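Asker: Make a model of this:
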Amino acid sequence: MLHWLLELLPHALTVVLLVAAFFLPGLLVLLPLKPGWPAATALSPAVTLLIYLAGSLLADSVGVPWNAATAAVVALPPILAAWLAGRQFSFSTPLSPAVAGLPAKVAVGAGVAIGSAVTCLALMRGIGDPATASQGWDPIFHLNVLRWIQESGSASPWGIAPIFGAGPPTYYPAGWHSAVALVPGSVTETANLSSIVIGGMIWPIGLTFLASAVLPRHPAAWALTPLIAASFVSFPFSQLLRSGQWPNGLATALVPATLAVIVVLLRRLGSAERAETPAREHVLLAVILAALLGGCVAAHPSAVFATAVAVLPFVAALLLSILARGARRNPWRAAAAAVAAVAAAAVAYSVLANSRLLAGVMAYRRAVRAEIPDSLHLAFFDLPRFPALSPPAPDDFNLAVGLLVMAGAAVAVFVRGARPLAVTWLAFVALYVLAAGPENGLRWLTGFWYKDTQRIAPFIAMTGSLLAALAIAVLARAVRRVVSTRQPSARTGGRWPVPAILVALSVAVMVYGIYWGSGGYRSAERVAVAAQNYVVSGNPGTGVLSTGEQDFIERAGAMLPPDAVVIGDPFNGETYFYALTGRHVVYTQLGAPTAGSRAKELLRTGFNRLRTDKSICEAVLKVGATHFYEDAPGAAHGSASLKRWPGFYNVPTDLGFERIASDDRRALYRITACRQPG
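Answerer: As a prediction, the model looks like this:
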């Protein structure tokens, strides 16, 4: 742990700035409304992203560059408005239930801190040096978007369209980019360290707030939830780092806090608390919820769909309660309402199934990843890899936690208010199994997540963490009752009651036993998953970057003029010239890199005919390429260089090229064969 802290010290300022970028604006907006510090902290990232969304659109419209100063200016009006509104409209009690006693407060704080530290440690060990560029498919694109925002000053969802190449402006959720781009310095460092903030701070804080909302009578579960959540590979390790889904991962991290606010609102709308809560607080809570949903959309719209799935059982439970009370007063009216609800659900299903707007998403093609029972093993026990890729070893199973989750689901049936949580967990398990495959009549429902199991698995971890914590908390409560009955009354009261301390120590020993018995929550597996895109091979062409290639690109890029444009195989290092050095490249992403451009497509296959084919030089001039990056052929992300990008190999560089920089494995040339007549 000490070694990790020492390694993090050189990057401490960047982490602090990232924390400020994600938390500070939203926190300053929420605090005057008096939701309480725990709730304000958990909710602030989503509110911040909504501010950035509005601010980036406004900045684009008036031609002001997006940077830290602009973000501060656009955040000022909502902050002032909140402080003014807070004088008349604020919560009379915090959104989080009160924690009774100092030991419970210490336990909750320790749970968040330790869960966060365990997660951050594994993330940092996986990343290694934060300045190392991720070689994942998605991160390459996101790094270039960060560079584009810093260069162009445009951070709106439509402002990053040039990264996609030619064509009309395209919407892309830019919430993560708009926040991370505010931090100065290396885009690779800030992007990598954002995973620490998202996975190690936003996620556990949000889960703790969710636990307090769903399980208000079980403060032990609040403390245990972030500790249990640290055992899961699916989030943040798999989605944030192995898949490199930084924007979607941020959206995932926002769901727990958003769901918590909906649960609180539903509870306050229930008959028991409705009379106790002023109407203005209901309105205020609804406004905050709308802001949170807006922030989720800014991060990635899939968060809204996940929230909808998660909240549906809670809404159904409230409606059933209302119908049950109504049936006693007016059976016919209750029956009509039930029929209307069923009809509305059928209509919603039909609309989703036949929506032209969603057709492309719902019909997204995704290969089968696993079938039952393998998909159930993945869903229940959080395996780090698909069984088809690597048969699981016994240590790969998150066995103890998985069994606790199942026990918690059984316990939830008998715990007031917890039944919807168990149903939500089962719903995400079902969606995971559908997404894994094979194709069937219901798999389209997972199209909201592109039928990607790694986008759904974090929500199994979200609900599962609460259920496992509930199982332990209920057991601890039962033990405490037994201990209390056998202790003198003088020792069961006071500020530090003996039974509570004994039970807390027992629970701590139990959790540590699970941690130790599972090899530090499968530490090796979590680190390996996190490190997958940061492992650099010594063989040139193996992976997007090989040993020493990032350093070479940074050195060579510094030698290029500001208006240089580099061309080469994007699957073999060319794309990094933009992210690492700010020099433009012809192919900015791995997905559809030619972007409908005939010139880019021609160069993909024929650049090596530059001296013999006039059309090649015409294409070079059209795309503006001034320099050629040469590397040994490889096969990164399944793209066999010599087959998919043959134009950039076996290039005769002895004539028509001027070498700028080289080492034993790669070289950068200035293209002289296609000079325009002066």
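Asker: Following the chain past the helix or strand of the chain with the lowest mean pLDDT, name the next helix or strand.
Answerer: Least confident helix or strand of the chain, by mean pLDDT, DSSP states H and E, is helix 489-492 with a mean of 50. Counting by DSSP states H and E, the next helix or strand C-terminal to helix 489-492 is helix 498-517.
Asker: Against which helices or strands is that following helix packed?
Answerer: Packing contacts for helix 498-517, counted by 3 or more Cβ pairs under 8 Å, 6 or more residues apart in numbering; DSSP states H and E, involve helix 102-127, helix 219-229, helix 399-412, helix 453-485, helix 489-492. Heads up, the C-betas are built off the backbone N, CA and C, glycines and all.
Asker: Tell me the confidence at residue 516?
Answerer: Looking at residue 516, its pLDDT reads 92.
Asker: residue contacts, it?
Answerer: By Cβ atoms under 8 Å, 6 or more residues apart in numbering, no residues touch residue 516.
Asker: so how far is residue 461 from it?
Answerer: Distance of residue 516 to residue 461, given as Cβ to Cβ, to the nearest Å: 21 Å.
Asker: One more: residue 562?
Answerer: Taken as Cβ to Cβ, the span from residue 562 to residue 461 is 45 Å.
Asker: Over to residue 264?
Answerer: 22 Å.
Asker: ok, these two, which is more surrounded?
Answerer: Taking other Cβ atoms under 10 Å, residue 264 and residue 461 do not tie; residue 461 has more neighbours (28 against 24).
Asker: Need the per-residue pLDDT for the more buried one.
Answerer: pLDDT, read off for residue 461, is 97.
Asker: Quick check: closest non-adjacent residue to it.
Answerer: Closest residue to residue 461 apart from its sequence neighbours, by Cβ to Cβ, 6 or more residues apart in numbering: residue 232 at 3.9 Å.
Asker: which ones are touching that neighbour?
Answerer: 382, 398, 401, 458, 461, 464, 465.
Asker: contacting residues for the fifth one?
Answerer: This means residue 461. So residue 461 contacts 229, 232, 234, 235, 382 (Cβ under 8 Å, 6+ apart).
Asker: What are the boundaries of the strands in this protein?
Answerer: For the chain, applying DSSP state E gives strands covering 565-567, 584-585, 627-631, 657-662, 666-671.
Asker: So which of those strands is nearest residue 183?
Answerer: When these are compared by Cβ to Cβ, strand 584-585 sits nearest residue 183, at 22.4 Å.
Asker: same for that closest one, what does it pack against?
Answerer: strand 565-567, helix 576-581.
Asker: Now render those as CSV, adding distance to residue 406 and mean pLDDT.
Answerer: As requested, these are exported to CSV (distance: least, Cβ to Cβ, whole Å; pLDDT from 0 to 100):
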stretch, distance to residue 406, mean pLDDT
strand 565-567, 54, 96
helix 576-581, 44, 95
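Asker: Just the CA atoms of stretch 374-390, as CSV, please.
Answerer: Output in CSV follows, covering the C-alpha atoms of stretch 374-390 (Å, rounded to 0.1, in the frame of the first residue of the first chain):
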residue,chain,number,x,y,z
ASP,A,374,-21.6,-20.5,-18.6
SER,A,375,-23.5,-17.3,-18.8
LEU,A,376,-25.0,-18.0,-15.4
HIS,A,377,-21.6,-18.7,-14.0
LEU,A,378,-20.4,-15.3,-15.4
ALA,A,379,-23.4,-13.5,-14.0
PHE,A,380,-23.5,-15.1,-10.5
PHE,A,381,-19.7,-15.4,-9.9
ASP,A,382,-18.2,-12.5,-11.8
LEU,A,383,-15.6,-14.5,-13.8
PRO,A,384,-12.8,-12.4,-15.2
ARG,A,385,-12.9,-14.0,-18.7
PHE,A,386,-15.4,-15.8,-20.9
PRO,A,387,-15.1,-19.6,-20.5
ALA,A,388,-14.9,-20.0,-24.2
LEU,A,389,-11.7,-18.0,-24.2
SER,A,390,-10.2,-19.5,-21.1
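Asker: buried set for that stretch?
Answerer: 374, 375, 377, 378, 379, 380, 381, 382, 383, 384, 385, 387 (16 or more other Cβ atoms under 10 Å).
Asker: Give me the below-cutoff pLDDT ranges for the chain.
Answerer: Low-confidence regions of the chain, defined by pLDDT under 70, span residues 1-7, 100, 165-168, 271-277, 323-342, 344-364, 483-500, 540-542, 676-678.
Asker: ok now stretch 536-550, how far from the chain's centre?
Answerer: Distance of stretch 536-550 from its chain centroid, counting by Cα atoms, centre = their mean, to the nearest Å, is 27 Å.
Asker: List the contacts of that stretch.
Answerer: 132-133, 135, 140, 535, 571-573, 575-576, 580, 631-637, 641, 663, 665-666.
Asker: Go through those and flag which are in helices.
Answerer: 140, 576, 580, 641 (DSSP state H).
Asker: Help me confirm that residue 112 comes into contact with residue 211.
Answerer: No: in this structure, residue 112 is not within contact of residue 211 by Cβ atoms under 8 Å, at 10.5 Å.
Asker: So between these two, which is more surrounded?
Answerer: residue 211 (32 against 23).
Asker: The more buried one touches residue 228, doesn't it?
Answerer: No: taking Cβ under 8 Å as the definition, residue 211 is not a contact partner of residue 228, at 9.9 Å.
Asker: Now for these two: what residues contact both?
Answerer: Common contacts of residue 211 and residue 228, defined by Cβ under 8 Å, 6+ apart, comprise residue 469.
Asker: returning to what we had before: and the buried residues of stretch 374-390, which is closest to residue 650?
Answerer: The closest of those, once distances to residue 650 are taken by Cβ to Cβ, is residue 385, at 36.7 Å.
Asker: still on that earlier bit, distance to residue 124 for the contacts of residue 461 - can I get that in TSV?
Answerer: Formatted as TSV, those follow (distance: Cβ to Cβ, whole Å):
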residue	distance to residue 124
229	18
232	17
234	19
235	16
382	21
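Asker: Which members of those residues are positioned in helices?
Answerer: Short answer: the contacts of residue 461 in helices (DSSP H) are residue 229.
Asker: and which of the contacts of residue 461 is nearest residue 194?
Answerer: Distances from residue 194 to the contacts of residue 461, taken by Cβ to Cβ, are shortest for residue 235, at 14.5 Å.
Asker: show me what contacts that closest one?
Answerer: 199, 203, 249, 252, 253, 457, 458, 461, 462.
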